[in-house]
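Asks: Provide a 3D model corresponding to the input given below.
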Amino acid sequence: MNKLQAMEVFIQVVDCGSFTKAAEMLNLPKATVSTLVQTLEATLAVKLLHRTTRQVMITSDGAAYYERCIQILSDVRDAEESLSRHRLSPSGRLRVDTPTGLSSEILIPALPAFFERYPDITMELGSTDRPVDLVEEGVDCAVRGGELGDSNLIARRIGVINFVTCASPDYIARHGMPQHPRDLERHRCVNYFSAKTGKIFKWDFTRDGERIDITLPGAIALNDSNAYVQAGLAGLGIITMTDYLLVQHIASGRMVPVLPEWAIDPLPVHIVYPQNRHLSAKVRVFVEWVSELFAAHPNLRLQAPRPALAQPSTAAETV
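Replies: Have a look, this model is predicted:
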């Protein structure tokens, strides 16, 4: 038996809670995964896992062994990297997940520079506004906006997302310009709903100590940021979206700021990865690169004043 491989298989079974899912993640036959764990238990003369037809649960001995395996494999990888070129030139497959807007507008346009710096890394990039389970879906790291609720992840805050309320010039010409957030209740607004819970998000506005949180009626609700922006451009109603997705449309006159004197709660942005996983060189360099990318972006960097959105001359009269 390859003891290190058996340890890796055991860790994956515990993380996935399933022999079948672990086999899929490791690209191994299920029978091989099961045999390796059974052989490991026989060698150690302890029961590591309780198996039923529905679930796999770790024993107390298994939990203690799991933590030692994590540390041992981490030490082995550190030793390998210290004797190889991987620290200077990381390699291998990197699985990343990002929200759709950040992926299309921020990350993907900058990726040529990343691959020029790290040519031996191959990437699988998932773009979705649905929060994924990193362990369950085999994701190395993810960029997430908003407050984090998963305590099993290590998070590094890399930026902040600001929002702006807008509408198309055609919509404003037909329905008028709101002067107060309460005026939105008489307008058509495009809502955004959670891809995880299906709940429609409230709209929030703050000015001079006054705060307004409202749920607005709308003919359509979406859960994809790029589709949401397109709905605003099509004149379906007033939208509130991240400023980096709208700044070009405002500058070109295709969108008009609405209630610009009212602030909207910003969202923190983190890059996250499982806490029980060794931070490999490829993940480490990606985390650093994304942090640099956000730090250089005027709309996303931490502790920076919110940049003014460019106002087109053609929309000045409308505003």
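Asks: With just CA atoms, put stretch 25-41 into CSV.
Replies: What follows is stretch 25-41, C-alpha atoms only, in CSV (Å, rounded to 0.1, in the frame of the first residue of the first chain):
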residue,chain,number,x,y,z
MET,A,25,-12.8,14.0,-7.1
LEU,A,26,-9.7,11.8,-7.2
ASN,A,27,-10.5,10.2,-10.6
LEU,A,28,-10.2,6.8,-9.1
PRO,A,29,-12.5,3.7,-9.1
LYS,A,30,-14.7,3.6,-6.1
ALA,A,31,-13.4,0.1,-5.3
THR,A,32,-9.9,1.4,-5.2
VAL,A,33,-10.9,4.1,-2.7
SER,A,34,-12.7,1.7,-0.5
THR,A,35,-9.8,-0.8,-0.6
LEU,A,36,-7.2,1.8,0.3
VAL,A,37,-9.2,3.0,3.3
GLN,A,38,-9.9,-0.6,4.5
THR,A,39,-6.2,-1.5,4.1
LEU,A,40,-5.3,1.7,6.1
GLU,A,41,-7.7,0.6,8.9
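Asks: how much distance is there from it to the middle of the chain?
Replies: Relative to the centre of its chain, stretch 25-41 is centred 31 Å away, using CA atoms, centre = their mean, to the nearest Å.
Asks: List the buried residues for it?
Replies: Buried positions in stretch 25-41, judged by neighbour count with 16 or more other CB atoms under 10 Å: 25-26, 33-34, 36-37, 40-41. Using the backbone N, CA and C atoms, a C-beta is placed for each residue, glycine as well.
Asks: Between the residues you listed, which sits nearest Tyr171?
Replies: The shortest gap between Tyr171 and any of the buried residues of stretch 25-41 belongs to Met25, at 47.2 Å (CB to CB).
Asks: what about the chain, any weak spots by pLDDT?
Replies: For the chain, applying pLDDT under 70 flags the ranges 1, 81-88, 149-151, 276-278, 303-319.
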